[in-house]
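# All I have is the shape, not the residue letters:
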């Protein structure tokens, strides 16, 4: 996958929230690239800044937050600093987003048709009839039976999985080059999760769109992503191909994450737990944010670890990475 | 469902019955209409004839019995003052009151929703605070005093608008209305604003609270993520969601407007049924007081009944939406 | 056993809002400091204190007794604010149609308006609290009947309820008190019942029941103190409402008799002079009424903010 065109390059992105209590550095120097047609998994606990990263890319960070530094290069253009109208014309058009909870993302009082047609008309000067056809086709594409009929329905007449399909169909409407999927399967039943995962992956391949798959669930992302970035406390602590990250995690945090996933081998054993809790991002002390919970931390960790590239395709932010063996 | 409706119907009937008893018995204990209705120079025979004509010589429970039987036939007695059937007097004045109440309701919606949404979108802006301060005033100010101040300012000092009466009316479907003539509209304006102030404050608060809640919903963010313009997000996605609770509440508030028009009509001498009841209270015109109270109570019972039934029909879907939205 | 029984209510006796707070002073202090955080509310409280002071001591601080015929002269009637009477007194806010000093009349009016409003509020609160507590505590049929009555009454606007009662009862101070109490009690009953239901399900009530404490003791020493926070908010809102309603009814001539000239009556008296531009007779009593109501409402708003657990983060 290396060597392809780059759809998105995020460089040194910092998004801070200026609250009364102080500055919350939700995203603090995040860099990554997504190649054309690639699916990148962005993994982290809740509060690690992964969702804010997604919203920063499409320019929907709510006050008191704002992007304070960094660049977001999409198809060769820096999105940071675009005006509202330029940003609007990209959203839902070149960059689409799918949200976590399908119960909440569709407006309960508007018909599916309205919500789909408006997404087409927001970016294309076409007759409403044509927009409706596009909507119906998109519904069919994501596997919704009798799309003509379903267009007339309201969201509450759909199940959770169906709604997420509708949300995916909306995201696909304008053939975006990048889809940001923010935990799109978390709120769904496990069986539905699998279907949606499969569907999303298939559609990405078919349309050639790149995808950022945000999740807290390593198991999910392992099955879909080409590459994985692991976020912790507003920073990417480890980045690499899915196989590398899963088989040879180098950062103590990533190792902890993988150790805490139950599997057949761990049956009967006590599951590994990362001690402590996610640090508050409010007035975070300098240095490695993970050191309080880290088993190998020492005085060196009081200093900020710089990103290093110890292996090809691998980025790490750690003073004490485990590089040689698999766990 | 049927059981529920029957039970609610029975309950409503009980309320009306209790009210009728309370109102009738109570009103008939107050004051003595004989003293004020009969010419002081009339002789004893004349006085007795009038008492007999009005049925005031009978025992109270008998009077109530007649009252109920007659009321069921639409006869609530004749006014002591006007000599006309009380019900007719009230029905004659009903259009004026309803016109005023509807105008006030419209004003509250047309002004209140945009103001509330604006205040909800930018809660920290100066004008939002001004709007909210205004709505606190609207809740606090006694409406009769605001009415007086409006008369002083717009009628006495500036001379822009008339202060009393209904102005010219034209018949629409057999009902006289003011709002279609220039003169009538100018007469309607001040009382309608006066009556609407309280509801306006209410609508502003509801719309603001709704906006504050809805604006943080995922579907608003999703709408933005679709690349919709801010105008469409607010006017379609947001507004449609906050309209439902606001309109529901307002439907319930219509009865309140009719009841509170008593105050506004008295201040602006608006010839509706509210002014009639106050005048009748002063003049101890018992049949009119009883008829007014019965009609308004009945109106409320019906409004509440309908709302309850409609709610219970909508309930599953409403609940469904609540958990999902 | 008896020792325990005495210890347990001990924590509730101090009328703390929260029994689980160990310290006695902290909640109250935090409450005060939370309240003073809002400058507007603090100012409103100060204004209300001044109004309450005026109302309490009107006979001693008013320049004249407006209802002492020896001190009032018709020659002084309709004088605009700042006028000097023939005997050299200055009418700061002018005089009314009978030559009474308006400032003094307002002081006396405040006394009546506030007195009626507060008194009706206290009685309504007492009745409503007892009824609400009973509904929550006994539940079942008692609860159903009480709450049905409350619901039905609250479905009618207050002015209509007052109209019915006044039509039935006639005029008089006692009548208007009854009307105002009737209008208010249901709000107290509903509020107290709602919070008592929440409290009742908590363990300390079970504990008290297990200790075989009497109904009355559990109700008033355990449940009631914990219903106080919402009750305080309702008191402020309802008192403001009662004052406004009394003024409205008195203005309409169906409230207080003319022997008890509340602010509403003063405004009504001034209304007839409005058209001849003698605005002050209506305006100043109205301003006094307005300041009273707004200050109470602002205090109530702040109380709601700090006492509402849902808003506490």
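That came in fine, so what should we check first? Predicted, not measured: the structure shown is a model, and the values here were computed from it.

# quick one, helices of the stretch 51-200 of chain C?
Ranges of helices in the stretch 51-200 of chain C, per DSSP state H, counting those that start in this stretch, are C:102-138, C:140-154, C:158-169, C:173-200.

# distance between the last one and the chain's centre?
It refers to helix C:173-200. How far helix C:173-200 lies from its chain's middle: 12 Å, per Cα atoms, centre = their mean, to the nearest Å.

# cool, the shortest one as well?
Taking Cα atoms, centre = their mean, one finds the center of helix C:158-169 at 19 Å from the center of the full chain.

# residues near residue 225, how many?
The chain I'm using is chain A. The number of residues packed near residue A:225 is 24, by other Cβ atoms under 10 Å in any protein chain shown. Using the backbone N, CA and C atoms, a C-beta is placed for each residue, glycine as well.

# that's the wrong chain, I meant chain C
20.

# In TSV: the helices of the stretch 51-200 of chain C, plus mean pLDDT.
As requested, these are exported to TSV (pLDDT from 0 to 100):
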stretch	mean pLDDT
helix C:102-138	87
helix C:140-154	85
helix C:158-169	83
helix C:173-200	86
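
# Now mean neighbour count too, for those helices, in JSON lines please.
Supplementary listing: these in JSON lines, determined by neighbours: other Cβ atoms under 10 Å in any protein chain shown:
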{"stretch": "helix C:102-138", "mean neighbour count": "22"}
{"stretch": "helix C:140-154", "mean neighbour count": "15"}
{"stretch": "helix C:158-169", "mean neighbour count": "22"}
{"stretch": "helix C:173-200", "mean neighbour count": "22"}
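
# Which among the ones you listed is found nearest to residue A:259?
Taking Cβ to Cβ, helix C:173-200 is the member of the helices of the stretch 51-200 of chain C nearest to residue A:259, at 43.2 Å.

# what's the angle from that closest one to helix C:158-169?
For helix C:173-200 against helix C:158-169, the angle by axes from the mean of the first three to the mean of the last three Cα atoms, to 10 degrees is 130 degrees.

# anything in helix C:173-200 near chain B?
No. In terms of Cβ under 8 Å from any Cβ of the partner chain, no part of helix C:173-200 sits within range of chain B; the closest distance is 9.9 Å.

# which helices and strands does that helix pack with?
Counting contacts by 3 or more Cβ pairs under 8 Å, 6 or more residues apart in numbering or on different chains; DSSP states H and E, helix C:173-200 packs against helix C:102-138, helix C:140-154, helix C:158-169, helix C:224-226, helix C:228-251.

# now the angle between helix C:228-251 and it, please.
Angle, helix C:173-200 to helix C:228-251, by the same axes, to 10 degrees: 160 degrees.

# Same question for stretch A:171-186: list its buried residues.
The neighbour-count check on stretch A:171-186 (16 or more other Cβ atoms under 10 Å in any protein chain shown) flags A:171-174, A:176-185 as buried.

# should've said stretch B:83-101
Neighbour-count burial for stretch B:83-101, counted by 16+ other Cβ under 10 Å, picks out B:85-90, B:93-101.

# What of stretch B:262-279?
In terms of neighbour count (16+ other Cβ under 10 Å), stretch B:262-279 has its buried residues at B:262-268, B:270-279.

# now it: how far from the chain's centre is it?
The chain centroid and the centroid of stretch B:262-279 are separated by 12 Å under Cα atoms, centre = their mean.

# is it up against chain C anywhere?
Yes. Judged by Cβ under 8 Å from any Cβ, stretch B:262-279 comes into contact with chain C through B:262, B:263, B:266, B:267, B:277, B:278.

# Enumerate every residue touching residue B:122.
Neighbouring residues of residue B:122 by Cβ atoms under 8 Å, 6 or more residues apart in numbering or on different chains: residue B:128.

# where's it relative to chain C, distance?
Separation of residue B:122 from chain C (Cβ to the nearest Cβ, to the nearest Å): 20 Å.

# how about that residue, phi and psi?
Dihedral pair for residue B:122: phi -130, psi 70, per degrees, to the nearest 10.

# Tell me which residue is most central in chain B.
Nearest to the mean C-alpha position of chain B, by Cα atoms, centre = their mean, lies residue B:258 at 1.7 Å.

# The residue nearest to that residue when sequence neighbours are not counted: what secondary structure?
Leaving out its chain neighbours, the residue that sits closest to residue B:258 by Cβ to Cβ, 6 or more residues apart in numbering or on different chains is residue B:101, at 5.1 Å. Classification of residue B:101 by DSSP: H, G, I helix; E, B strand; the rest coil places it in helix.
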